[in-house]
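A.B. asks: Generate coordinates for the sequence data below:
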Amino acid sequence: MMSIRRIIFYGLLLTFTLIDGTAFGQTKKEPKWDNTLNKSWPSGFQVVRIQSSADGTMQPAVFHSATGNEKKPLIVSLHTWSGDYTQNDPLAAHVLNRNWNYIHPNFRGPNNHPQACGSPLVISDLEDAIDYAIQHGQVDTSEIHIIGVSGGGYATLLAFMEIHRKVKSFSAWVPISNVASWYRESVARKNKYAGDILASTSKGKSLDVAEARKRSPIFMKYPDKEREGSHLFIYTGANDGYLGSVPITQSILFYNKLVKERSRHPEKYLVPCKDIVTLLAERSFPKPAIPPTIGDRKIYYHKSYKNIHLTVFDGRHEMLDKVALDYVPVGK
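C.D. replies: Okay, the predicted model is just below:
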C-alpha cells in the first residue's frame, strides 16, 4: 500500500504539473529569458562562420577575442530555447569588461525542428565553436566555461553529458533535463513549447517519446573520463514552473540522477522526496539563522556531491546575469 507521504508527494507533483500557465502570462509574450527580439551587441563582437565537422555547412556564431597577449578564459554562452546566435546576451557586456574570450554559437537555432533540440548536430556544433574560439582567440584552455539559461541551460546539460572537450565548468540556469516530461508540462501550461517539441521530435500530432528521451540529458550516461576536473552548477528559481515555464523538478531530478549514478551510498547527498514536496508547496525552505545568498537573492536549498552542485534560490525563470560570471570558477 502506498504511504501517506508518497500519496501527498505525487499529488503535489500532479497539481504542480497541471497549473495553467496562462495565469502567469506564458502564452501572452515570450518571457525575458526566451526573448528573441533584442539583438543588440557591444562593439568588439563580430559574426563569424564556422564549418561544421558533421555536415560541412557553415554555422554562424558571435565571437569576441580577448585583447593583448595574455591567455584569458573562454565563455561559451548558449542561446535560449527560441533563440539563435543573434539573440542579445546580457553576459556579453560583463565578458567585455573582464577582457575574456567569448563565443555565442547558433547550434542549429531555435528548438523547433529536428536538426536542433539536442540532436547530434547540436553536440557537434558546440564542439566546433569551442575549437574555433581556441584557434582564433587568446584562450587559456584550462579556463573554458559553458553557461546558459532556460533552453541554454538545457544545452549546457547536453554539453556536460555529451561533448568531447575539456571544459572546466558548466553553469545551467533553470534548465530542462527531460524533454518528454517537459512536453507534458508545457501542454498543461498551454505554452508554445509543446508544439516546438513535437516539431523537433515527432512526425505526427503525438509525441515520439523514444525520440524525446534520446534528446534528454536525464537519460544520458554520465561521462566519467570526459568530466574529470569539471564542475556542473545547476541553479533553479524556487518560483519557476509557477512564475515561469520550467518546473524546478527538471533541475532537482537531474541532480539526483547524477548522484545515484555515481555514488554507492547516495542517500545523504540526494534531495529527498520530503524536501521536494516542501520546495514545491512553499516555494521556499526552512531557513538557517543567517541565510546564504547568491547575488542579492536568498538561497533556499543547496546540495552537492563531488563536482555536481544544485542551488535553489529566491527567483523565478531567470539567470542572475549581473552576478552569474562571479560564480564561474575562473582561476582559484
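A.B. asks: quick check: longest strand of the protein.
C.D. replies: Longest strand in the chain by number of residues (criterion: DSSP state E): strand 139-149.
A.B. asks: tell me which strands and helices it is in contact with?
C.D. replies: strand 72-78, helix 120-136, helix 151-162, strand 169-173 (3 or more Cβ pairs under 8 Å, 6 or more residues apart in numbering; DSSP states H and E). For glycine as for every other residue, the C-beta is placed from the backbone atoms N, C-alpha and C.
A.B. asks: Show me the contact partners of the first one.
C.D. replies: Applying Cβ atoms under 8 Å, 6 or more residues apart in numbering, the external contacts of strand 72-78 come out as 66, 89, 91-92, 95, 98-105, 107, 126, 129-130, 133-134, 137-140, 143-148, 151-153, 155-156, 159, 167, 325, 328, 330.
A.B. asks: Parallel or antiparallel, list what pairs with that strand.
C.D. replies: According to DSSP bridges, strand 72-78 has the following sheet partners: strand 101-105 (parallel), strand 139-149 (parallel).
A.B. asks: among these, which is the most enclosed?
C.D. replies: Across these, averaging neighbours per residue (mean count of other Cβ atoms under 10 Å) puts strand 101-105 on top, at a mean of 27.
A.B. asks: Tabulate the CA atom coordinates of the longest strand of the chain in PDB.
C.D. replies: Extracted C-alpha coordinates of strand 139-149, given in PDB (Å, rounded to 0.1, in the frame of the first residue of the first chain):
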ATOM      1  CA  VAL A 139      42.200  31.300 -24.900                       C
ATOM      2  CA  ASP A 140      43.600  29.700 -21.700                       C
ATOM      3  CA  THR A 141      42.400  26.200 -22.500                       C
ATOM      4  CA  SER A 142      42.300  25.300 -18.800                       C
ATOM      5  CA  GLU A 143      39.700  28.000 -18.300                       C
ATOM      6  CA  ILE A 144      36.800  27.100 -20.700                       C
ATOM      7  CA  HIS A 145      33.400  27.600 -19.200                       C
ATOM      8  CA  ILE A 146      29.900  26.900 -20.700                       C
ATOM      9  CA  ILE A 147      26.900  28.800 -19.400                       C
ATOM     10  CA  GLY A 148      23.200  29.000 -20.400                       C
ATOM     11  CA  VAL A 149      19.800  29.900 -19.100                       C
END
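A.B. asks: quick one: average pLDDT of that strand?
C.D. replies: Strand 139-149 shows a mean pLDDT of 98.
A.B. asks: and the angle for it with helix 120-136?
C.D. replies: 140 degrees (axes from the mean of the first three to the mean of the last three Cα atoms, to 10 degrees).
A.B. asks: all helices of the stretch 151-300 of the chain, in order?
C.D. replies: Listed in chain order, the helices of the stretch 151-300 of the chain (DSSP state H, counting those that start in this stretch) span 151-162, 179-189, 193-201, 209-214, 249-262, 273-282.
A.B. asks: which intervals of this structure have sub-threshold pLDDT?
C.D. replies: For the chain, applying pLDDT under 70 flags the ranges 1-32, 332.
A.B. asks: before we move on, the earlier item: so how far is the longest strand of the chain from its chain's centroid?
C.D. replies: Between the centre of strand 139-149 and the centre of its chain there are 14 Å (Cα atoms, centre = their mean, to the nearest Å).
A.B. asks: With stretch 217-226 instead?
C.D. replies: Using Cα atoms, centre = their mean, the offset of stretch 217-226 from its chain centre is 15 Å.
A.B. asks: Determine how far the last residue of that stretch lies from the first.
C.D. replies: 15 Å (Cα to Cα, to the nearest Å).
A.B. asks: who touches R165 in this structure?
C.D. replies: E127, I130, D131, I144.
A.B. asks: What's the separation between the last one and S169?
C.D. replies: Going back to what we said before, that points to I144. 8 Å (Cβ to Cβ, to the nearest Å).
A.B. asks: in terms of contact, does P266 touch K306 like I think?
C.D. replies: No - contact criterion Cβ atoms under 8 Å: P266 and K306 do not qualify, at 11.1 Å.
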